[in-house]
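*Asks:* Need a 3D model of the following:
(chains A and B)
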Amino acid sequence: MNSIYKVLSDAIYYNLIREQRYLQFVQGLGISLQLTFYSAILGTIIGLVLALAKLGRIKFLEKFATLYVDVIRGTPVVVQLVLIYYAILGSSSLPKIVVASIAFGLNSGAYVCELIRAGIMAVDKGQMEAARSLGFSYSQSMAYIIIPQAVKNILPALVNEFIVLLKETAIAGYIALDDLTRAGNIVRGRTFDAYTPFILVAAIYLYITTILSWMLGKLERRLRESD
Amino acid sequence: MIEVVNLHKSFGDLKVLKGVNTKIEKQEVVCVIGASGSGKSTFLRCLNLLEEPDSGEIYIDGVPLMEHKKDINRLRQKVGMVFQQFNLFPHMTVMENITLGPVKLKGMTKSQAEEKAIELLRKVGLPDKDDVYPNHLSGGQKQRVAIARALAMDPEIMLFDEPTSALDPEMVGEVLNVMKQLANEGMTMVVVTHEMGFAREVGDRIMFMDEGIIFEEGPPEQIFTNPRKERTREFLGKVL
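*Replies:* Prediction:
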């Protein structure tokens, strides 16, 4: 009994308290959340623009959007991240968090594009016909009739995308950004204990994704009620 | 009022309309009948360019539609349409469904439009359903709201695309009654329908479509009792 207590208290002491190592985790979590937040905003904007380009009737834009989505979805996000950090923005002096936000935002945009497109396509095509037959233009029909219905399809999927995004930012350490996962790695390097810091890191991710999932569930119920 | 000249329309390799010609007069009620796949719905949907014809011309009040595609949104305001699947906007109340067009497109104030909507709802027999969402209505009620929504734009012509085909049998009558009333008030109507009783009673002219053309047309008495063509007789023999 005594020895288990000792192991635990040692683990807590060395991984959290000594040299105020808990701050590593707190700051890392802050970075991860910020990165997710900025990427989500950028990704949503990019996704919306791409979806409109794909659904619109300008061939050049449609082709570009299709190519963009294919390239982003067909390559690993880690590769995209290091490519943007070392090559494309290599000569800029932007803070790492900005570079990472751009990289994850560009990546997420491709997925959000498909979510939005699917959400819009899922609206019955009779809705567009009814709107057009009343005399509404294509864009008016979109604004008054199609988009408000599509939002109900899109919102839950979008929240889910943010949950995925939070977990994906765990690779930000590749460009030496001190996010939550890297915080665990830094502490491991000091304590030579791999279990404690990474189990803690995993628990923190799980805690946050659980909260987000719970909010998603509530949102879905709310949206269903208004049907 | 409507003139259709040599209308052609294909979907891929499938030729659906192969030269439709007709004239529809003001206040006339034309019922279009025919087997499924005969092109009758496509013909109707061409009249407000929901389907774009490959060739031919459609004149509404003398205005050639194909030459005025840019004005199509304004021209469509003159042509109301009622769909088989109702196509009410599910995220809006009945009142919002009816007032959206007049407010956004005709510049009516909200209260003017609502006053008019109440009047139209009374006309279609649903005066107390204004704040209900479409999903809480029966099929027959939905279709009557859809008619009210189309009428709210003050159309000169009403197109009906199999308006009772998606309804339970006991609800067909209530919708046909509203349409009959509309016909009696002098609305110009083109009705694609399988309701032969309605066509015979309300129609001024019956149009039998087959093989992508108007195969035979004439007053209901003639078409139903003494069709000239064998194909028409065959079709009526199956449905009557």
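*Asks:* So, low pLDDT: which residues of chain A?
*Replies:* By pLDDT under 70, the weakly predicted segments of chain A are A:1, A:226-227.
*Asks:* Let me know the helix or strand that the residue nearest to the spatial centre of it is in.
*Replies:* By CA atoms, centre = their mean, the mean C-alpha position of chain A lies nearest to A:Leu165, the distance being 2.4 Å. Using DSSP states H and E, A:Leu165 falls within helix A:147-168.
*Asks:* and if you look at B:Met81?
*Replies:* With DSSP H and E as the test, B:Met81 turns up in strand B:79-82.
*Asks:* Just the C-alpha atoms of that strand, please, in CSV.
*Replies:* Output of strand B:79-82 as CSV, limited to C-alpha atoms (Å, rounded to 0.1, in the frame of the first residue of the first chain):
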residue,chain,number,x,y,z
VAL,B,79,-46.9,32.2,-63.4
GLY,B,80,-47.7,30.4,-60.2
MET,B,81,-46.8,26.8,-59.8
VAL,B,82,-48.1,24.0,-57.5
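*Asks:* and the helix or strand following that strand, what does it pack onto?
*Replies:* Using DSSP H and E, the helix or strand that follows strand B:79-82 in sequence is helix B:94-105. On a contact count with 3 or more CB pairs under 8 Å, 6 or more residues apart in numbering or on different chains; DSSP states H and E, helix B:94-105 meets helix A:125-134, helix B:110-123, helix B:139-151. From N, CA and C alone the C-beta is placed, and that goes for glycine too.
*Asks:* Taking helix B:139-151 as reference, get the angle to helix B:94-105.
*Replies:* Helix B:94-105 runs at 20 degrees relative to helix B:139-151, counting by axes from the mean of the first three to the mean of the last three CA atoms, to 10 degrees.
*Asks:* For the longest helix anywhere in chain B, buried residues please.
*Replies:* Criterion DSSP state H: the longest helix present in chain B is helix B:169-184. Buried residues in helix B:169-184, counted by 16 or more other CB atoms under 10 Å in any protein chain shown: B:171-172, B:174-176, B:178-179, B:182-183.
*Asks:* Distance check, the most far-flung residue of chain B relative to its centre against chain A.
*Replies:* Largest separation from the mean C-alpha position in chain B: B:Ser111, at 28.1 Å (CA atoms, centre = their mean). As judged by CB to the nearest CB, to the nearest Å, B:Ser111 and chain A stand 20 Å apart.
*Asks:* For that residue, report the pLDDT, please.
*Replies:* The model reports B:Ser111 with a pLDDT of 96.
*Asks:* Can you classify B:Ala166 as helix, strand or coil?
*Replies:* coil (DSSP: H, G, I helix; E, B strand; the rest coil).
*Asks:* out of everything not next to it in sequence, what's closest to it?
*Replies:* B:Gln84 (5.2 Å; CB to CB, 6 or more residues apart in numbering or on different chains).
*Asks:* what residues does stretch B:2-17 touch?
*Replies:* Here stretch B:2-17 makes contact (CB atoms under 8 Å, 6 or more residues apart in numbering or on different chains) with B:18-24, B:39, B:42-43, B:46-47, B:51-60, B:157, B:188, B:190, B:212-213.
*Asks:* Using ChimeraX, define a selection of the buried residues within the residues you listed.
*Replies:* Buried residues among the contacts of stretch B:2-17 (16+ other CB under 10 Å), as a ChimeraX selection:
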select /B:20,22,24,39,42,43,46,47,51,53,56,58,59,60,157,188,190,212,213
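*Asks:* which ones among the contacts of stretch B:2-17 are found in helices?
*Replies:* Using DSSP H, the contacts of stretch B:2-17 in helices are B:42-43, B:46.
*Asks:* Pull stretch B:20-27 out as PDB, backbone CA atoms only.
*Replies:* Coordinates of the C-alpha atoms in stretch B:20-27 are reproduced here as PDB (Å, rounded to 0.1, in the frame of the first residue of the first chain):
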ATOM      1  CA  VAL B  20     -45.100  20.700 -78.900                       C
ATOM      2  CA  ASN B  21     -47.400  23.400 -80.300                       C
ATOM      3  CA  THR B  22     -50.400  25.000 -78.600                       C
ATOM      4  CA  LYS B  23     -52.100  28.100 -77.500                       C
ATOM      5  CA  ILE B  24     -53.800  28.700 -74.200                       C
ATOM      6  CA  GLU B  25     -56.300  31.500 -73.900                       C
ATOM      7  CA  LYS B  26     -56.900  33.800 -71.000                       C
ATOM      8  CA  GLN B  27     -59.200  32.200 -68.400                       C
END
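*Asks:* Outside of that stretch itself, which residues are in contact with it?
*Replies:* Residues contacting stretch B:20-27 (CB under 8 Å, 6+ apart): B:1-7, B:30, B:39, B:43, B:56, B:156-157, B:186-188, B:190, B:207, B:212-214, B:217.
*Asks:* try it again with 7 Å
*Replies:* B:1-7, B:30, B:43, B:186, B:188, B:190, B:207, B:213-214 (CB atoms under 7 Å, 6 or more residues apart in numbering or on different chains).
*Asks:* From the residues you listed, which land in strands?
*Replies:* B:2-7, B:30, B:188, B:190, B:207, B:213-214 (DSSP state E).
*Asks:* In JSON lines, list those along with pLDDT.
*Replies:* Below are the ones in strands among the contacts of stretch B:20-27 laid out as JSON lines (pLDDT from 0 to 100):
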{"residue": "B:Ile2", "pLDDT": "94"}
{"residue": "B:Glu3", "pLDDT": "95"}
{"residue": "B:Val4", "pLDDT": "95"}
{"residue": "B:Val5", "pLDDT": "95"}
{"residue": "B:Asn6", "pLDDT": "95"}
{"residue": "B:Leu7", "pLDDT": "95"}
{"residue": "B:Val30", "pLDDT": "97"}
{"residue": "B:Thr188", "pLDDT": "96"}
{"residue": "B:Val190", "pLDDT": "97"}
{"residue": "B:Met207", "pLDDT": "96"}
{"residue": "B:Ile213", "pLDDT": "94"}
{"residue": "B:Ile214", "pLDDT": "95"}
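*Asks:* any idea which of those is closest to chain A?
*Replies:* B:Val190 (13.2 Å; CB to the nearest CB).
*Asks:* Quick one: the helices in chain A, in order.
*Replies:* Going by DSSP H, chain A shows helices at A:2-12, A:22-55, A:59-73, A:77-82, A:96-121, A:125-134, A:138-141, A:147-168, A:180-191, A:195-225.
*Asks:* Would you tell me which of the ones you listed gets closest to chain B?
*Replies:* That would be helix A:125-134 among the helices of chain A, by CB to the nearest CB, at 3.7 Å.
*Asks:* Now do that closest one against helix B:139-151: the angle between them, please.
*Replies:* 30 degrees.
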